[in-house]
Each structure stands twice: as structure tokens, then as C-alpha cells.
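Visitor: structure, please.
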Amino acid sequence: MRVEGVVQGVGFRPFVYALATRLGLGGFVGNDMDGVFAEIEGPAAAVSAFLRQLERDAPPLAHVERVTTSRLPPGHKKSGFTIVASEPDGRRRALVPPDTTTCADCQRELADPADRRFGYPFINCTNCGPRFTIVRDVPYDRPLTTMAGFTMCERCAAEYHDPADRRFHAQPTCCPACGPTLTLTGVPGDPLTGAAGLLTSGHIVAIKGLGGYHLAADATNDKAAATLRARKHREDKPFAVLVTDLDQARRLCDVDEAAARLLTSPERPIVLLPKRPDSPVAHSVAPGNRQLGVLLPYTPLHHLLIQETARPLVLTSGNVSDEPIAYRDEDALTRLQGIAHAFLTHDRPIHVRTDDSVARVHNGRPALIRRSRGYVPSPVTVHRPFPRPVLACGAELKNTFCLAKERHAFVSQHIGDLENAETLRSFTEGIGHFKRLFDIEPRLVAHDLHPEYLSTKYALDLDDVELIGVQHHHAHIASCLADNGTDGPVIGVAFDGTGYGTDGTIWGGEFLVADLAGFERAGHLAPVPMPGGAAAIREPWRMAAAYLAAAYDGAPPDGLDVIRRNQDRWAAVTAMAGKGVNSPVTSSAGRLFDAVAALLGIRDAINYEGQAAVELEQGADVTEVGWYRSGLVNDMPFMIWGFDLVRAVADDLRAGVRREAVAARFHHGVAAAIEAGCLLTRSRTGLATVALSGGVFQNLLLLRETERRLTARGFTVLTHSRVPCNDGGISLGQAVVAAARDDGRAVS
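Guide: Residues are numbered from 1 along each chain as shown. Here you go, the predicted model:
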């Protein structure tokens, strides 16, 4: 028998052992490069019962993809069943499990004063604990993990070798006598008590977690949160908050049944939830934001710390500004010493840097915003196999890469923005690690068309591979198709901030007729100049200037605050845009949202990517039902006049309409424009399925209104769930596009 899937590091061999023993079967079970192998011998009825129960009763962390069997003549072996040594040779097909939250059994032991692991912050078993972040190679055995340096004590070894024990063949098994040790720098006494005391007195503590360091502070203490924000150089971006349990989460936020399932899932992502008006969380944790990112403890250390402090804690990535999260001890001490008052650390090495995942609930199912710890490296299974192994290098922002073979697309953990040497090193080292873990030597390498992306340059420097350039927005739509298990063709609506177009301009408000293999540009937002280029992204008021000039033929009306606030530079910027000097044109939906945010006085300059659009959504009146109309030029491709929406916003502001109502009407107007574009495309193509992708659709107000309108018009609407709609999903889209072209499928 051979079992493939996530069957190593999840207690599968002990499960097979127990099942065979209970049924009186003889034989053996072991790990190899493919997964789990076994020979089973006994009466036919017992063997049949074994095969039935194998998949039905598999361990909770296992994911059985395929079981293959062949009949052998009875070998007259010795009675009894054994677990045999792993076979490290051969081609690797075994799937490495992700890190998993502390199970209920371990939590009970953690809280039991009579248990020898009482209060031990590294407790784990076959059903929980570190996996991906400690694995150096496969097969998944202790010598090939970062636990190799910890020799099991006699009692742990006895549990490890006892088939009746819950830790039978659990590779990270340890206890206070033989496992990792917790330390707190600069504070005598018990590390946990000392760290809790620092946090409750308003200090900042750096904490070594599963995939890197976090920075923690008291989430109810505004001074502590503001100090962390200042030291981390994170002016406005919200912090995540660690809570004790669901009851505490409900005191902070509105938590429905679907959100509760996501919060308590084995993956334990940060979940974005509507913040309650009476929430005790300090203002500085999520300034001006209606939502709060909440997560439950997912390691024993988190459980112990949150119980000791008895209050919600800020838990944010251990880095400065947009640097990668620190995960090596010396690097963390160097980079974070100016932020943290103390370091709560331990001596178990982290092999793979892995940020927390971020998700929300949409239409009753999880929708990932950042796919990382808890989900990676579980593959995204696609419905068509990859003809040849593929490496997809992803985008520049929110980068992930993807290595793919057969029906598995291994989308990496969140790498970050490829804008510095440390992040680029994470990207290149990560590709090498995945190639080893999953035994993939790519023959096709897919990349973005933008020639200056570091991910593109990496691809172009590779030897002995076939390169496939994939347009950014086509990759978005292909990612949505793969996420939903379909090939298309569809009407693809790709709305984001930036993407290199096939005409060399900056796209971002696109209507595509697309399948996996190719696309046609059916329509787009009317282009406008970006005065100052990248400066227009950092300073949204520049986009307001460009849009107002287009909306009013260069003579915007008096009385607009955005002009008054920026009057010293307004004339120079509008002249720059008018002459086309350092002003590339763009059809970007993100830049349209930026322009309106500046018009409304929400944000003239940003401190993080997408901030203006996020705050524009937060400022909208959800009870408003009005909407603005935009013109549509019925060409091939058609153009939607975003200028009309900006003119309507300006006119309402001058008429004294509440800004919250204006923000809502603008969102509804964009949804109406998408509806009009899809209706026109359907009339030309007959297509009635729409795929929505791109970072702009992280905006729930826009997404819900767009879905409502399209559904009412008879469209089937596809959205993301398994991978992000933002650039974190681009690598999956690139991979399936490369596979479709390699397979010779017809281009739309």
C-alpha cells in the first residue's frame, strides 16, 4: 500500500500501526520520499476493513490525496505489526505539513500541574506543533529538523517509541528536561513571569515565535501602542491583536459563526473583524479603522503569555517599517534592540522565515489576504496537471513564488516587497528550499512582463529553462480561475494599483476576456497621467490634480480643499501632467481611489501601500444607497470615464454633501461602472461568468456591491478564497498560465 498527500509529520504511521494492530493484521509501515508505504497481511475481511478505515479515520492534520494498493502472495511473516526505518532514497513526492496550532490534548497537559510538561512553552505531539518552520529536508524525521540538536531524554524517548502513546514517532517531542529553553534578556527570574510583568507595565517585548520574532505590547495601553508605532516607524498601519479566546475576541469585535470557525481553525490566521464601538483596544492600535485584526494563541508560549497578562496584546511582525520579519537570533537582537525593552527568546532555531497569515470571511468562507504560516507549504491542488515542472516568480509587491508539478502548486509563504537585499535573499533561498523539499527542477519559468522587477530579473538570469512572460492582470485572472478550479473563458475584471501592460503603459483598471492560456483587453478605465511617476503613488493629491484637470478641462472649480492644502505645488504638478513630463499614463483603479481619497481630505500622502483606498472605504457611510454615473466610450477596447466619478465627487463636496455619503456613492459608482463594462462585454462575447481579482477587491464595500449588481444581472461571479486576490496570488496565476501554454491549449 502507498499513501500520498500530507501524511508525514501528522501521526500517520502511528495511526496505521494502531489500526492494523486493532484489526489483528501483520506487516509494517514507514516513510519514504513519496509519503507512507506499508505492507498489510491478514484475513481478507480485516484487510478490507483496514482500507475502509484508513481514509475515513485519518489523523486530523493528515490530508490523504491518493491510496494505491497491489496484492502480494502471503509472505508468512512473523505475527505483529511494526514501524520501520524511513527510506531516504528516491524521488521526493511527500508533502511537508504546515505549522499547526496547539491541540486540545496538549493544552490540557499545559494547564495540568500534575503533568510533567505543565507550563512548558514547547509542548507538542503528533497532532500539533512546529513543522514547516523547522524542516530542513525530507523525509520528515527529527535529524532533518532544527530539533536535531536536542537529544530526547529517557522519558520522552519511551513515549516516542511506545505505540500506545500520543507522541509515538512525533518528531519534535521534548520536555523541560531535554527540549528548548525559554530565556528573557536582562530580567532575572522566570522568563514568562518577567515578560508578562514588562508587558503589563507598558513595555515592549520582542518574542521569538514559530516563523520569526514578534513585537508585543499591551493592546489596552495607548501609550505603549503609540511608542511601539513610533519606534517601528509604522505611522498608521493597524496592528494585530492577540486575544485569549473567542469570548475575549467577541468583546473586541463582532464575530459571527464563520469568523469563529476561522479564528479557531488549525491554521490560526489573523482575522479581520468589525471592531465594536465599546472595544477596550487603545486608539493607537488601529487608528481610524473600523476593523481589527484578531488572532487566537497558536503556540504554547502564546497560551501561557496571554494567560499571564490577562489582557489583549499587540502582536506585530518583528521588523522596522517594511523590512522582512527577523527570525535569526543575532539579527533580531541587532535590528530590534532599538524597539524592544527585552527579548523573550529560545534556543530552537527557525529554519524558514514565515509571517502570520491574514484572512477575512466573505460569503461565509475564508478569503486569504496573506497566505503564510499555517497554510504553507500545503499545495494548491489544480484540476489539470502541469505538463512540465514550473517555477513562477511572482510580482514585486507582496511577493510569493510558486513551484509546481503534477497537480500540485506549492505557493510560497509571504516573502514581502522585493525592494531590498534581505527580502531578495528570502526569495532566492526560499526557491532553493522548496526545490529540495518537493524535488522540483523547473523546466518552465514564468515571470512578470515588467523588466525592472527583481523577480523578473531573477528569472531572466536563469540558465537551461524556457521563459514565459505573463502579463500582470492576466496572471490575476488566471489565479482566480485556478482558485475556483476552472479554465475559463471568463470576463476578467482586474482592478489594482500597478501592472505593466502589453503596450508599455501602467495598467490597473482592466476588463479582460481571458482563459488560462491567453487574453484580450476588452476595456479599461480611461488613462490619466501620474504626475511625478512613483511620487503620485506616495502622494495621492497628485492623482487628484490629474483627475480634476481631466474632469474639468484643466480648470477645476474654486472651493476644493485639496487645491488649497497643496496650493504651493499645485500649478507645477498640473503643468507637469499636462505636458507629460515625468507623468506616465495609467488606467489604474488604485490611482482613481487615491484621487478621491485626497479630494475628500482623507489622505494627501500615504505611509503604507494602499492606505488612501483603505481609509476611503473605512470612511464610507454603509447606509448610503446613492451612486455616481460614469460615461463609457464604446470602442474596442472600451473606456470607462473615471473622470465622471471624480467630477461627481467634487460637485457633491462643493454642494455640502456629507463626506461619508460621498465616499459611499463613489464606491457604488465604481461597482456600477464594472457592471456596465461586464454587460457590454457579454453582449460582444456571450460570456456570463465574471472573475474578480486584484488588490482593489480587498475592499469589501466595493466587492459586495459589485457582486450584488452582477448577480442581479445574471452573471456567475468568481472570487478568491485559497490564495489572495492581491499580488500574493500572482505566482499561482503565472504558473497555470505557463502550464496552459505548455499544454498547447488554444489562446482566447
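Visitor: report the contact partners of residue 559.
Guide: Applying CB atoms under 8 Å, 6 or more residues apart in numbering to residue 559 gives the contacts residue 654. All C-beta atoms are positioned from the backbone trio N, CA, C, and that covers glycine.
Visitor: does residue 446 belong to a helix, a strand or coil?
Guide: Here residue 446 is strand, with the state taken from DSSP: H, G, I helix; E, B strand; the rest coil.
Visitor: so, low pLDDT: which residues of this protein?
Guide: Within the chain, the stretches with pLDDT under 70 are 76-78, 88-94, 744-748.
Visitor: ok, longest helix in it?
Guide: Longest helix in the chain, counting residues (DSSP state H): helix 659-685.
Visitor: so how far is that one off the chain centroid?
Guide: For helix 659-685, the distance between its averaged C-alpha position and the chain's averaged C-alpha position is 28 Å (CA atoms, centre = their mean, to the nearest Å).
Visitor: and for stretch 363-372?
Guide: Stretch 363-372 has its average C-alpha position 8 Å from the chain's average C-alpha position, going by CA atoms, centre = their mean.
Visitor: can you check stretch 267-274 too?
Guide: Centroid separation between stretch 267-274 and its chain, computed with CA atoms, centre = their mean, is 11 Å.
Visitor: okay, that stretch in CSV with CA atoms only?
Guide: Written as CSV, here are the backbone C-alpha positions of stretch 267-274 (Å, rounded to 0.1, in the frame of the first residue of the first chain):
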residue,chain,number,x,y,z
GLU,A,267,-4.3,27.5,10.7
ARG,A,268,-5.0,30.3,13.2
PRO,A,269,-4.7,33.3,10.9
ILE,A,270,-5.1,36.9,11.9
VAL,A,271,-8.8,37.5,11.1
LEU,A,272,-10.1,41.0,10.1
LEU,A,273,-13.3,41.7,12.0
PRO,A,274,-15.6,44.7,12.5
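Visitor: other residues contacting it?
Guide: Applying CB under 8 Å, 6+ apart, the set of residues contacting stretch 267-274 from outside is 98, 100-101, 240, 249, 252-255, 259, 262-263, 290-298, 356-361, 366, 368-369, 373-375.
Visitor: which of these count as buried?
Guide: Buried subset of the contacts of stretch 267-274 (neighbour count, 16 or more other CB atoms under 10 Å): 98, 100-101, 240, 249, 252-253, 255, 259, 262-263, 291-298, 356-361, 366, 368-369, 373-375.
Visitor: let me see the contact set for residue 428.
Guide: Applying CB under 8 Å, 6+ apart as the definition, the contact partners of residue 428 turn out to be residue 458.
Visitor: and the one 5 residues further on, by the same measure?
Guide: Counting by CB under 8 Å, 6+ apart, residue 433 makes contact with residue 352.
Visitor: that one and residue 376: what is the separation?
Guide: Distance, residue 433 to residue 376, by CB to CB, to the nearest Å: 11 Å.
Visitor: now do residue 653
Guide: Going from residue 653 to residue 376 by CB to CB gives 45 Å.
Visitor: where along the stretch 601-748 of the chain do the strands fall?
Guide: Listed in chain order, the strands of the stretch 601-748 of the chain (DSSP state E, counting those that start in this stretch) span residues 632-633, 638-640, 689-693, 716-718.
Visitor: most packed of the ones you listed?
Guide: Relative to the other members of the strands of the stretch 601-748 of the chain, strand 689-693 carries the highest mean neighbour count by mean count of other CB atoms under 10 Å, namely a mean of 27.
Visitor: mind listing the strands that one pairs with, and their directions?
Guide: Each strand that strand 689-693 pairs with, and the sense of that pairing, follows from DSSP bridges: strand 490-500 (parallel), strand 716-718 (parallel).
Visitor: out of those, which comes closest to residue 128?
Guide: strand 716-718 (34.1 Å; CB to CB).
Visitor: residues in contact with the closest one?
Guide: With CB under 8 Å, 6+ apart as the test, strand 716-718 has contacts from 480-481, 483-484, 486, 490, 688-692, 706-707, 710-711.
Visitor: end-to-end on stretch 147-159?
Guide: 16 Å (CA to CA, to the nearest Å).
Visitor: now do the contacts for residue 174.
Guide: 122, 124, 147, 150, 152, 156, 180.
Visitor: how about residues contacting stretch 318-337?
Guide: So stretch 318-337 is in contact with 185, 206-208, 211-215, 232-234, 317, 339, 343, 345, 350, 353, 355, 415-417, 419-420, 422-423, 426, 608, going by CB under 8 Å, 6+ apart.
Visitor: circling back: for residue 409, find the nearest of the strands paired with strand 689-693.
Guide: When the strands paired with strand 689-693 are ranked by proximity to residue 409, the top entry is strand 716-718, at 17.4 Å, counting by CB to CB.
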